[in-house]
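**Student:** Could you look at this predicted model? Sequence included:
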Amino acid sequence: MILKLGIVRRDAFLRPSAGLAERVIRALSKSRVSLHLLDLPPEPSAQDIVLFERLMPYVRLSSGVYRTTARGRFSDLDPMANRILEQNFPPSETLRVEDWAASDCFTSYEWAQSLLPIYPKLSFKASDLLLFLIEAHRKGSEERFIFEPDGTALQHVIPPFVIRMGQPERWATPLNRILYDRAVNRWSQLQGLLSVPDNWSDPLERNIAERGEWTLRMLPLIHPESLRLARRDTRFVVQQHSVFEASSSLADVIRTMNIFNRAYFSEEQLLFGSRKVAESLRAGGIWIIGRTVSEKPATHEVTFFRKQEDGSLHPLQRIGNGSEIESIAIKASQLERAF
């Protein structure tokens with residue numbers, strides 16, 4: 001294959017390949033979909049939600065991480081978590097729950113929906129480090145750059161091409177490589193002009209800014225149903241937050257699924273992150289930590305910790321073998337007590 005094209009139109013992405021010509025174009029466009037299609041209306045239709053969920057496997061961040069979304073991923077975990085919470089917190093309490101590293105926040109949405117009938121005064125915060133991308137669209141053309149808020153470019157869209165900028169195009173596709181080199185040069189010239197305003201942090205805002213002949217637009221990475229709930233119910237909030245930072249206020253419950261794993265971080269980093277969780281929990285609070293070991297069917301290994309009055313973490317219950325970093329979490333809480 002000497003070149004690779006891209007899919008830049010919503011209808012072309014959603015409809016099935018019909019004729020031979022369309023199947024050929026799709027074959028040439030494999031894994032290359034313009035992420036400007038993430039620009040969905042504030043009140044999404046059923047088709048908008050389908051579009052978002054189909055797009056997620058194509059969202060590869062500069063870190064190499066892919067965004068994922070899956071309905072019912074924690075359908076067995078949430079009921080167990082809720083039972084444990086009911087054993088520790090009365091329904092009349094203003095329960096403060098935080099779901100860290102929540103990716104597109106859809107699993108947060110599902111969990112919050114199950115908790116709201118139990119805890120009417122619930123305060124639920126879903127968070128991730130990266131909540132949106134930026135589209136820079138040149139006026140009067142179809143040219144676009146898609147980039148992260150810190151200025152790291154992910155795509156250059158010049159129909160019918162979608163050029164990936166995270167790594168050089170291979171010389172096996174020479175035209176793509178030429179377009180990649182041109183895109184890198186063009187981006188180096190434009191990057192200063194296309195800076196993102198400092199106050200862009202909330203994906204609910206759907207900000208737009210003008211930069212000469214370019215229009216900047218926020219592309220939320222948050223599931224449309226999660227955004228809709230956040231707009232309609234102040235008890236559910238989506239915020240930017242790093243798992244290596246303590247929360248701004250103490251929480252009753254913190255969940256960190258599929259983030260504090262040995263495959264991602266060193267023991268020192270895991271110890272530091274665990275300390276930040278311990279710092280963020282009030283005495284009597286619960287930390288839910290674990291990972292998904294298989295997707296179909298979804299299988300998890302999870303530990304439920306309870307923070308004691310002296311600051312130590314005590315395992316309450318396990319799913320499967322429990323979290324692979326149980327010992328690190330306990331050590332982190334012991335270090336926390338020393339300070």
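**Tutor:** In hand now; what should we look at?

**Student:** Tell me which stretches of the chain form strands.
**Tutor:** With DSSP state E as the criterion, the chain has strands at 96-100, 123-128, 132-138, 144-147, 153-158, 161-164, 208-211, 214-220, 236-240, 251-257, 281-294, 299-307, 313-319.

**Student:** got CSV for these, with mean neighbour count, distance to residue 273 and mean pLDDT too?
**Tutor:** For glycine as for every other residue, the C-beta is placed from the backbone atoms N, C-alpha and C. Below are the strands of the chain laid out as CSV (neighbours: other CB atoms under 10 Å; distance: least, CB to CB, whole Å; pLDDT from 0 to 100):
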stretch, mean neighbour count, distance to residue 273, mean pLDDT
strand 96-100, 25, 9, 98
strand 123-128, 23, 14, 98
strand 132-138, 22, 23, 96
strand 144-147, 24, 27, 97
strand 153-158, 23, 26, 96
strand 161-164, 22, 30, 93
strand 208-211, 12, 34, 94
strand 214-220, 20, 26, 96
strand 236-240, 21, 17, 96
strand 251-257, 24, 8, 98
strand 281-294, 20, 10, 95
strand 299-307, 21, 14, 95
strand 313-319, 17, 13, 95
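
**Student:** Can you say which of those is nearest to residue 48?
**Tutor:** Closest of the strands of the chain to residue 48 is strand 214-220, at 11.7 Å (criterion: CB to CB).

**Student:** Grab the CA positions of that closest one and hand them over as CSV.
**Tutor:** In CSV, the C-alpha atoms belonging to strand 214-220 read as follows (Å, rounded to 0.1, in the frame of the first residue of the first chain):
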residue,chain,number,x,y,z
TRP,A,214,-8.0,30.0,12.3
THR,A,215,-10.9,29.1,14.6
LEU,A,216,-10.1,27.1,17.8
ARG,A,217,-12.8,24.7,19.1
MET,A,218,-12.8,22.5,22.1
LEU,A,219,-13.4,18.8,21.4
PRO,A,220,-14.6,17.0,24.6
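
**Student:** helices or strands up against that strand?
**Tutor:** Helices and strands touching strand 214-220, by 3 or more CB pairs under 8 Å, 6 or more residues apart in numbering; DSSP states H and E, are strand 132-138, strand 208-211.

**Student:** contacting residues for the closest residue to residue 81 other than its chain neighbours?
**Tutor:** For residue 81, ignoring the flanking residues on the chain, the nearest one in space by CB to CB, 6 or more residues apart in numbering is residue 288 at 5.9 Å. Each residue near residue 288 by CB atoms under 8 Å, 6 or more residues apart in numbering is listed here: 81, 253-257, 302-305.

**Student:** Which of the residues you listed sits closest to residue 119?
**Tutor:** Distances from residue 119 to the contacts of residue 288, taken by CB to CB, are shortest for residue 253, at 10.1 Å.

**Student:** give the contact list for the residue lying closest to that closest one once chain neighbours are set aside.
**Tutor:** Sequence neighbours aside, residue 97 is the residue nearest to residue 253 in space, at 4.4 Å (criterion: CB to CB, 6+ apart). By CB under 8 Å, 6+ apart, the residues touching residue 97 are 111-112, 115, 122-125, 251-255.

**Student:** mind checking the longest helix of this structure?
**Tutor:** Using DSSP state H, we find that the single longest helix of the chain is helix 174-190.

**Student:** Need the residues that contact that one.
**Tutor:** 2-4, 136, 145, 153, 156, 158, 161, 163-165, 168-171, 214.

**Student:** Stretch 44-60 too?
**Tutor:** The contact list for stretch 44-60 (CB under 8 Å, 6+ apart) reads 10, 13-14, 31, 33, 35, 37-38, 40-41, 66-69, 104, 154, 164, 166, 221, 223-225, 228.

**Student:** Per-residue pLDDT of residue 83, please?
**Tutor:** Looking at residue 83, its pLDDT stands at 97.

**Student:** can you check the one 10 residues further on too?
**Tutor:** pLDDT, residue 93: 92.
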